[in-house]
Structures are given as C-alpha cells and as structure tokens.
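Novice: sequence and predicted structure below; questions after.
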Amino acid sequence: MTLFPPTLQRLHHALVVSVQPIPDGPMDRDEIVVAMARAAIEGGAAGLRIEGIERVRQVRTALPGVPIIGLVKRDMEETAVRITPIPEDVDGLIRAGADIIAIDGTDRPRPHTFSALAARTAEAGLVVMADISTVAEAKSAIAAGAAIVGSTLSGYTQDREPSEPDLQLLENLRDENCFLIAEGRYTSPEQCAEAMAHGADCVTVGSALTRLELATKRFSDAISSRC
Ligand SMILES: CC(=O)N[C@H](C=O)[C@@H](O)[C@H](O)[C@H](O)COP(=O)(O)O
C-alpha cells in the first residue's frame, strides 16, 4: 500500500464533506458553516472542504484537529479559473489554518501558474491539491508538486454540465502517483462506493449534503415527476 503523509492517511478510504452553501442563500452564514462542519464530523466525515479565509479560520478554531481542505473562490474578469487563483489567497488560507490548499489545476489561461501557487503552498508545509478535469492536467499538476488530485472540475470547463459523476476519469487516474479524491456530483452513498471501486482514495461530497436547496429539489422533483 502507498504510504501517505499523516494528513492524507486520515482521509484515506474516508469521506470529506464540502461545506459551501449556495452564495447569498439562507444558509450562507459563517455560523451555519461551522455548525454544518461540526455535524459532518459527528456523522463520520474525516475531513472538510471549506471556502473562504474567514470560514477556514472559524472552522479551524471550532474543530482544531480535523483536516481542512481550504480554497478561495474568486471571480476575475481575465480568467475562468476561480479556485484559489492568486498568491494572496494561498497566503490567507495558510494563515487561517488550512492543512491542504485546493488550487485550480486546469490548463485554462490564468494570471498565476499552478506551479507558482503550489510552490508557495508547499513552502509553508501545506499539502497541495489540484482540482482538475482531465488526465493531462492531473499529470502536469503532479509534476508541479500536487500530492492530491481531485476530479472536482470534470464537467465544469465546457458549456454543458453533466449530471453524473466522472467515474471513468478516476479509472484513468488510478495508477498515477497521487492521492486521488473523487469529487463532483456524488449524490448517493452507492456512487461513493463506486468511486472507491474505480480507484479513488477518498470521496468529497458537497451539494447532496450541505446545499439544502439542491437536496430538497431532488426529492421535490421526484415527487412531481410521478404526478
Ligand atoms: C465546480 C466547482 O466549483 N466545485 C466546487 C469546488 O469547491 C464546489 O462548488 C462543489 O460543491 C464541490 O466540488 C463538491 O462537489 P458537489 O457539490 O458536486 O458534491
């Protein structure tokens, strides 16, 4: 079995819960993020994915020993890259107490290279996670220092968003030298188990657990479809 660094050992064969409420929705408040993070850990999650420097700081204070994957989502005019795109975001997440920093690892044009942001993260002793959409992007990110690769951005770099998770991408990445996180559109426990069977080391679930509006809509739509 591959020997992973201690933080990754804790996430191995486990669930990470992404606690990112819908922006400006009724749940988009710091105290609700902290409460959902606590509830996720009580439910058996091994780690958390938290967006925003202040929220990482608050969750770190509330749950001192829990592995946190931190990221900043930033919309910039000059690039479609949104996840931790600038050095100041990396610095803020380091100061806030993240263990792992998630950075967009796609090959889209951007103001700061993945390599530069990854190096800054690693210099501070944190683990680098690359959010990617293809095998080629994963390989480049690993060469640039990513210990974790997530399928996070598969389906989000083109116009049409799929509804199912990308299990084939996991299969194509299973022999790469990285810790592989299945992430993006996992909506059921069965799909999470499938991800593990396809080579994932860990699964991250967000919307299905922590975006109550979307979780509710799935049930509501299922009922309407039979009426
Ligand atoms: C594409 C993108 O920006 N993904 C974001 C990354 O942090 C989040 O909006 C997702 O909720 C997260 O990846 C978990 O995925 P899902 O919510 O599908 O379980």
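Specialist: Received, thanks.
Novice: ok, and the closest non-adjacent residue to the residue of the chain found nearest the ligand?
Specialist: Going by CB to the nearest ligand atom, the ligand is nearest to residue 206 of the chain, at 2.9 Å. C-beta here means a position set from N, CA and C on the backbone, and glycine is covered the same way. Nearest residue to residue 206 in three dimensions, chain neighbours excluded: residue 18, at 3.3 Å (CB to CB, 6 or more residues apart in numbering).
Novice: against which helices or strands is the helix or strand hosting residue 10 packed?
Specialist: Under the criterion of DSSP states H and E, residue 10 resides in helix 6-11. With contacts defined as 3 or more CB pairs under 8 Å, 6 or more residues apart in numbering; DSSP states H and E, helix 6-11 has these neighbours: strand 179-183.
Novice: note down every partner strand of the strand it packs on and its orientation.
Specialist: When sheet partners are counted by DSSP bridges, strand 179-183 sits next to strand 148-150 (parallel), strand 202-205 (parallel).
Novice: quick one: low-confidence parts of the chain?
Specialist: Along the chain, segments meeting pLDDT under 70 span 1-2.
Novice: next, count neighbours for residue 25.
Specialist: 13 (other CB atoms under 10 Å).
Novice: tell me who's in contact with the nearest residue to it once chain neighbours are set aside.
Specialist: Distances taken as CB to CB, 6+ apart put residue 213 closest to residue 25, at 6.1 Å, once the chain neighbours are dropped. Neighbour list for residue 213: 22, 25, 27 [criterion: CB atoms under 8 Å, 6 or more residues apart in numbering].
Novice: three-state assignment of the residue most central in space within the chain?
Specialist: Nearest to the geometric centre of the chain sits residue 49, at 5.6 Å (CA atoms, centre = their mean). Assigned with DSSP: H, G, I helix; E, B strand; the rest coil, residue 49 falls in the strand class.
Novice: verify the contact between it and residue 17 for me.
Specialist: Yes - Residue 49 is in contact with residue 17 according to CB atoms under 8 Å; the separation is 7.2 Å.
Novice: return every residue with contacts to both of the two.
Specialist: 204, 206.
Novice: does stretch 138-153 reach the ligand?
Specialist: Yes - using CB under 6 Å from any ligand atom, a contact is recorded between stretch 138-153 and the ligand, made by 152, 153.
Novice: for that stretch, buried residues please.
Specialist: Neighbour-count burial for stretch 138-153, counted by 16 or more other CB atoms under 10 Å, picks out 138-142, 144-153.
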